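For reference, the sequence and a predicted model appear below.
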Amino acid sequence: MEAQPASPPQTPKRARWRALWQNQTIPLVAGVTLGVILLLMLRLPATEFIELKLYDLKFLYRGVRSPSPDIALVAIDEESVKKLGRWPWSREVMAQLLGRIKESGARVIGMDIIFAERQETAALIALQRLRQDLDRKKAANPQVLALIDQAKRQADVDRQLARVIGQGAPTVLGFFFVKVGGRSLAPRIGEALGPKAIRASTFNMVRWLDQQPGGRLPVMGAEGVEVNLPEITEAAAGGGYFNMVPDPDGSVRWVPLALAYGPDIFAPMTLVTLQHYRDQPPLGITLSSLGVRQVRLGRDIIPVDAFGRMFINFLGPPGAFPSYSAARVMDGSLPPEALKDKLVMLGTTAVGIYDLRVTPFSGICPGLEIQATVVDNILRRDFIRLPANRFLTTLSIILAIGLIFGFLLPRLSAVGAIAVTLMVAQVYLIINYLAFRDFGLQLEVFYPLLEVAGVYTGITLQRFLAEERARVRLKKAFQSYVAPEVVNQIIRHPEKLRLGGERRELSILFSDIRGFTTLSETMDPEALVAVLHEFLDPMSEIIVKHGGTIDKYIGDAIMALFGAPLEMPDHSRRACRTALEMVQSLRALDREWLERGRPSLKVGIGINSGPVAVGNMGSSRLFDYTAIGDNVNLASRLEGLNKYYGTEILASAATVQHLGDGFVFREVDLVRVKGKKQPIAIFEVLAEGPLEGDLARFLTLYTEGLGLFRERRWDQAQEAFQAACDLNPHDCLCSHYLQSIEKFSQKPPGPDWDGVTTMSEK
């Protein structure tokens, strides 16, 4: 029989990759990465919403930037509307305002306003009717008709505004397209749009890289247009659209620098205004079958994406630009140099005019400021730039993260894995932010971070499942001869598999039903168990609701811990709040039980706070999580003292001093409990909330009586306690002290009496 050739030994590198494949790390990382890439390609609304909000955060962290000193705003604001009348203003007022701006030395004016409808004054309407009547009656000579035509021209406020627009500094008008979006090719522009219409707003040079003109235009299109009046359009130096298209979440983050309507491609008002400010360099656009490749203003290249969108580099919240009220322009109160040689943007900012937008910095930003920001970005060449191929750039980052994580994380401990994950995420965020802040480069955040989180979660889940399988094997091996509680401790915290515990400050609560032994003698076992269940169930829910840990049930009694195993700085407040709710809940149960013929129950609760030993207690074979120590015993003693004083909730001074404001309590007595030499002050917790009304008066009288009692002024103490008892006849503690006063009045205590009650029983 021939010997089979031995398989070649595996190199360490090949062995590592084989191990990664066998424990399913490589398939897992590949699956997560493909899922993230699929989301990147689909760009679902939910993921895009998160990406947009992360983009906004970059602006907020970057902060405010200063604008160009060459730009100024003239705003039709609330002050202007109050002084000059509600919007829209008449053409005479607009002509005066525009004339004042030009007189102030503005170099170029861009108007974020449209004059689409004619304004007919009463004088013009009267002259038109007079001319029609004379024509119909043939009663006027040519000289009269000429005078009427001259008066009509003088009364035509649209022509008056057109004359002002055509004089002095160049004025660029705005218009808007209807139903902007997609790449639909609108019908050819007709002559109905007026002389020259809006053709003057088209790009001067359109260059195609890979196809002949006349095909489908690879830019956003529109289905209609709303333009200015023909005579106003002819008088202007130029025009452009002022459309702003918000993202799906309603925020404006970009503007289209090119829109298709008919066979032509149009430029925005901001770009045309800047063109006139720079002495009219040509506007150019370069297209290809893949979209817009380039937009130019003279020799300056403006970065845009394939749809011709320019991402706005916002400077800050509203108020970034120097803005002057139109009312101040009209009354001549502007500083002489405010508008001189400036590129002036004129528009509305008043809230009621509704030209308000959402930006990364603000939920209410005037559209005029956004238009000015676009001009500022181009003027200072301060752009938000996208990678040459956004998809491939993000894809490369995702693949790099997948390779790094797939190789590193399986080799690290759980702590090391999360440390590396957080470090990689933080480094990427820092690089991403610095690229945005210093270079204006917009790299995507959500999809790479999703890859980080997805790969880490997948590998961690894989590790958890492997450990869980090991736990199951361990439990099967131990549960046949070790108590189940110990098995759970071994599985959860193997390092704690030892007796003993730790010293911790916490609050201990004991509760017990009064007279339960007597009650058990009068009821059937089944009925007794039902009553006990109906009591313990809601009481346990209350303890858990307030963050307590139920240590154990001792018949009808409950022991609960506040501050263990989880630390709680407010453990005293939680314990007292729990006790008050337990008493209130029992009263509600009492009413229900009385209707069903069941006996009424009373409860006593003791609370103490202090350091105890808490942890696993018991034998080396079987132990349980509990608390032991002198402070635990004191809480149990306080619960028992409720029977002596007729109270419901007793707390130690250590608990009360941590309560602070918000709880109402009273001092009950100085007590020397069994087994203790030093007396302690004990208090009754009465309520949570402000101290007011009858309760405040009652506690004032009670406190006064307690002080007089300790001073041995029996008669005065009796008066105070009796007055308190009149306010609250059912108060057992007042009755307790009245009985003590009566006893001491007949047989005064000795000179060594210190007002301390010594308990001989637990």
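Perfect, I can see it now.

The closest residue in space to Ser636 that isn't next to it in sequence: which element?
Nearest residue to Ser636, sequence neighbours excluded (Cβ to Cβ, 6 or more residues apart in numbering): Phe510, at 5.0 Å. For the C-beta atoms, the positions are set from N, CA and C on the backbone; glycine is no exception. Phe510 belongs to strand 500-513 when elements are defined using DSSP states H and E.

Which of the residues in that strand are classified as buried?
Gly501, Arg504, Glu505, Leu506, Ser507, Ile508, Leu509, Phe510, Ser511, Asp512, Ile513 (16 or more other Cβ atoms under 10 Å).

What part of this structure, helix or strand, is modelled with the least confidence?
helix 12-22 (a mean of 51; mean pLDDT, DSSP states H and E).

what's the following helix or strand after that helix?
Once helix 12-22 ends, the next helix or strand along the chain (criterion: DSSP H and E) is helix 25-42.

List every C-alpha atom in that following helix, with coordinates, as PDB.
Extracted as PDB, the C-alpha positions of helix 25-42 are listed here (Å, rounded to 0.1, in the frame of the first residue of the first chain):
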ATOM      1  CA  THR A  25     -15.700  36.000  11.800                       C
ATOM      2  CA  ILE A  26     -15.000  36.600   8.100                       C
ATOM      3  CA  PRO A  27     -18.600  35.700   7.000                       C
ATOM      4  CA  LEU A  28     -20.000  37.900   9.800                       C
ATOM      5  CA  VAL A  29     -17.900  40.900   8.900                       C
ATOM      6  CA  ALA A  30     -18.600  40.400   5.200                       C
ATOM      7  CA  GLY A  31     -22.300  40.200   5.800                       C
ATOM      8  CA  VAL A  32     -22.400  43.400   8.000                       C
ATOM      9  CA  THR A  33     -20.300  45.200   5.400                       C
ATOM     10  CA  LEU A  34     -22.600  44.200   2.500                       C
ATOM     11  CA  GLY A  35     -25.600  45.300   4.500                       C
ATOM     12  CA  VAL A  36     -24.100  48.800   5.100                       C
ATOM     13  CA  ILE A  37     -23.100  49.100   1.500                       C
ATOM     14  CA  LEU A  38     -26.700  48.200   0.500                       C
ATOM     15  CA  LEU A  39     -28.000  50.900   2.800                       C
ATOM     16  CA  LEU A  40     -25.500  53.300   1.200                       C
ATOM     17  CA  MET A  41     -26.800  52.500  -2.200                       C
ATOM     18  CA  LEU A  42     -30.500  52.600  -1.300                       C
END
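
Other residues contacting that helix?
If you take Cβ atoms under 8 Å, 6 or more residues apart in numbering as the criterion, helix 25-42 is touched by 17, 20-21, 47, 391, 394-395, 398-399, 402, 405-406, 410, 447, 450-451, 454-455, 458-459, 462.

Identify each buried residue in it, please.
Buried residues in helix 25-42 (16+ other Cβ under 10 Å): Thr25, Ile26, Leu28, Val29, Val32, Thr33, Val36, Ile37, Leu39, Leu40.

What distance do you get for the first one to Val415?
Distance from Thr25 to Val415, counting by Cβ to Cβ, to the nearest Å: 19 Å.

Kindly report the same for the fourth one.
Look at Val29 and Val415: by Cβ to Cβ, they are 21 Å apart.

Is there a neighbour count for Lys58? I'd like the number.
19 (other Cβ atoms under 10 Å).

tell me the contacts of it?
Lys58 neighbours (Cβ under 8 Å, 6+ apart): Asn432, Tyr433, Phe436, Arg437.

count of residues packed around Gln462?
16.

Go through the buried residues of strand 500-513 and flag the one the model is least confident about.
Ranked by pLDDT, the buried residues of strand 500-513 bottom out at Gly501 (67).

Can you give me the buried ones in stretch 357-364?
Arg357, Val358, Thr359, Pro360, Phe361, Ser362.

any idea of the angle the longest strand anywhere in the chain forms with strand 500-513?
Assignment by DSSP state E gives strand 603-618 as the longest strand of the chain. Relative orientation of strand 603-618 and strand 500-513, computed by axes from the mean of the first three to the mean of the last three Cα atoms, to 10 degrees: 150 degrees.

And Pro679, how close does it get to Phe361?
65 Å.

ok so, going back, what subset of the contacts of helix 25-42 is buried?
Buried by 16+ other Cβ under 10 Å: 20, 47, 394-395, 398, 402, 405-406, 410, 447, 450-451, 454-455, 458-459, 462, out of the contacts of helix 25-42.

His546: what's it in contact with?
His546 touches Phe562, Arg574, Ala575, Arg577, Thr578, Glu581, counting by Cβ under 8 Å, 6+ apart.

Show me those residues that map onto strands.
Those of the contacts of His546 lying in strands (DSSP E): Phe562.

Among the contacts of His546, which one is most surrounded by other residues?
Counting by other Cβ under 10 Å, top hit in the contacts of His546: Ala575 with 34 neighbours.

Tell me which residues touch the closest residue to that one other than its chain neighbours, please.
On the basis of Cβ to Cβ, 6+ apart, the spatially nearest residue to Ala575 that is not a chain neighbour turns out to be Ser507, at 4.0 Å. By Cβ under 8 Å, 6+ apart, Ser507 lies in contact with Leu561, Phe562, Gly563, His571, Ser572, Arg574, Ala575, Ile607, Asn608, Ser609, Thr655.
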